[in-house]
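Peer 1: Pasting a predicted model and its sequence here:
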Amino acid sequence: MTEGRPSRFPAWARRLGIAGIITLATLSLGEMEVRWTGLDLRMLRSGLKYNTMDLPSYRRSDDPFLRYELAPGTANRYEAYRVDGHFDHRTYGVTVGPFGEREPSHPLEKGPGVFRIALFGASSSYGSGVSDDETLPAALERRLNRMARDSGEPGLPTFEVLNFAAGAYQESQMARRACRVLDQRRPDLVLVQANVQERRAFLGSQEAIEAIDLPTLLDDPDSVQENFPAPWVPEAVHQVLLRASGLYRVWIGLVRSRCPSCDHVDRRGHAAGRRLNRREMERLAEEAGRRHVPVHVFGIPLPTTETRTGRGSLAPLLDQQKHAGLPGVTANQLVVSGADPVATRVHPPAWALEEWAADLADDLVLLKKVPLRAHPPIPPGTAPVPPGRDREGAAGTGRTPPGPGQGRFATTSRV
């Protein structure tokens, strides 16, 4: 018998080659299976953030950056049993006017003698859980017009406040939407809600989710950095694999949806969102500056037991670094007094939004953002006046400020 020819490769090399061929074949079959079933796209969609609030009142936006917006001409009623994790049964109506803002809406063209304010925000300003006339913009409009009437000064304008807020909007989306509205509605003042520093959401209806163009999204560096930052791999390699490998996309989707804290993925996604916020706010400041329209950023109230002692004092500036260097942009934190925790929820009831509007109106007057005259500070020694409806007594409406323990925030529960 003749002996076989000895192999040119040692046994360990042959075994390694066979294992490599099997692994490559398995990965190839897995790649084909993932692409054929669409599993990679489903996993990526599961890692996105969605706005699921009041869905019939929204539509997909023709601006891919915005992703969604209020649907003009729609009217719906909703019922909620839990708000901000608390049992709070609410039935409310949402009506969107013909030009894309939530009611009460106003004509497309600004009339004579009108001071128009365009307000952009997230769900707190949009009015999650309250009806159209109970939202922060609606309350602010009533408050400013009442202050104008009560002042008795001739020639003051009529105030209009347009509600362009949308649930889960980030500051970048608010600023982008504001740039589109500047010429369409010619506002005299732009208000932007802060306290929103995450990644942009998508519309959460099934139809909208299926319509997300993921290949285009993966070609957008902003969207990739917000939603799928590179975990444990170099950024350049991550970008290539994300476009080329279905199996890698499945893994990235799993990391984003099941382990957002792994390698600080969630935190880095939010950091990318904050960079977008700054970029778009810079653009809004530039566009508004060209039209001589001031921009004011306000933060929703935070829990506090402080009480304002007079109209000459302003709340502390909101994170000054975030808006530093933006020409024509001012920023302030809304403050409500007392111990009632309901007033500082993200989605408070209508009575608390009236308090927010009162504080915001006072800030706009003190900062000279609206053509109303600030009332003089309360004399020293006068009892502190809680904000909101009770403040009108100190504003010269003929009402007497309540004594200690009699203000609107004297109770401990409003649920």
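Peer 2: All right, it came through fine. Residues are numbered from 1 along each chain as shown.
Peer 1: how about the strands of the stretch 151-300 of the chain, start to end?
Peer 2: 158-163, 189-193, 202-203, 295-299 (DSSP state E, counting those that start in this stretch).
Peer 1: Including mean pLDDT and mean neighbour count, could those strands go into CSV?
Peer 2: Glycine gets a C-beta too; all of them are placed from N, C-alpha and C. Formatted as CSV, the strands of the stretch 151-300 of the chain follow (pLDDT from 0 to 100; neighbours: other CB atoms under 10 Å):
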stretch, mean pLDDT, mean neighbour count
strand 158-163, 98, 24
strand 189-193, 97, 25
strand 202-203, 96, 22
strand 295-299, 93, 23
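Peer 1: can you tell me which of these comes nearest to residue 152?
Peer 2: Nearest to residue 152, of all the strands of the stretch 151-300 of the chain, is strand 158-163, at 15.6 Å by CB to CB.
Peer 1: list the helices and strands that closest one packs on?
Peer 2: With contacts taken as 3 or more CB pairs under 8 Å, 6 or more residues apart in numbering; DSSP states H and E, strand 158-163 sits against strand 114-120, helix 136-151.
Peer 1: remind me which residues of the protein are low pLDDT?
Peer 2: Residue ranges of the chain with pLDDT under 70: 1-7, 14, 27, 302-324, 338-339, 375-415.
Peer 1: At which residues are the helices of it located?
Peer 2: Assigned by DSSP state H, the helices in the chain fall at 11-37, 39-46, 123-126, 136-151, 171-185, 206-210, 214-218, 221-227, 235-244, 246-258, 265-290, 320-323, 350-366, 391-394.
Peer 1: now the ones you listed in JSON lines, with mean neighbour count?
Peer 2: Shown next, in JSON lines, are the helices of the chain (neighbours: other CB atoms under 10 Å):
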{"stretch": "helix 11-37", "mean neighbour count": "11"}
{"stretch": "helix 39-46", "mean neighbour count": "18"}
{"stretch": "helix 123-126", "mean neighbour count": "25"}
{"stretch": "helix 136-151", "mean neighbour count": "21"}
{"stretch": "helix 171-185", "mean neighbour count": "21"}
{"stretch": "helix 206-210", "mean neighbour count": "12"}
{"stretch": "helix 214-218", "mean neighbour count": "14"}
{"stretch": "helix 221-227", "mean neighbour count": "20"}
{"stretch": "helix 235-244", "mean neighbour count": "14"}
{"stretch": "helix 246-258", "mean neighbour count": "19"}
{"stretch": "helix 265-290", "mean neighbour count": "18"}
{"stretch": "helix 320-323", "mean neighbour count": "13"}
{"stretch": "helix 350-366", "mean neighbour count": "23"}
{"stretch": "helix 391-394", "mean neighbour count": "20"}
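Peer 1: In TSV: those, plus distance to residue 94.
Peer 2: Compiled in TSV, the helices of the chain are given as follows (distance: least, CB to CB, whole Å):
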stretch	distance to residue 94
helix 11-37	38
helix 39-46	26
helix 123-126	9
helix 136-151	12
helix 171-185	18
helix 206-210	17
helix 214-218	28
helix 221-227	27
helix 235-244	37
helix 246-258	29
helix 265-290	26
helix 320-323	30
helix 350-366	14
helix 391-394	29
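Peer 1: Out of those helices, which gets nearest to residue 196?
Peer 2: Nearest to residue 196, of all those, is helix 171-185, at 5.5 Å by CB to CB.
Peer 1: tell me which strands and helices that closest one is in contact with?
Peer 2: Under the contact definition 3+ CB pairs under 8 Å, 6+ apart, helix 171-185 sits against strand 114-120, strand 189-193, helix 265-290.
Peer 1: what's the second one packed up against?
Peer 2: When contacts are defined as 3+ CB pairs under 8 Å, 6+ apart, strand 189-193 packs onto strand 114-120, helix 171-185, helix 265-290, strand 295-299.
Peer 1: Dump these into JSON lines; add distance to residue 241 as well.
Peer 2: Below are those laid out as JSON lines (distance: least, CB to CB, whole Å):
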{"stretch": "strand 114-120", "distance to residue 241": "37"}
{"stretch": "helix 171-185", "distance to residue 241": "27"}
{"stretch": "helix 265-290", "distance to residue 241": "15"}
{"stretch": "strand 295-299", "distance to residue 241": "39"}
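Peer 1: Can you check which of the ones you listed gets nearest to residue 347?
Peer 2: With CB to CB as the measure, strand 295-299 is the member of the helices and strands packed on strand 189-193 nearest residue 347 (15.5 Å).
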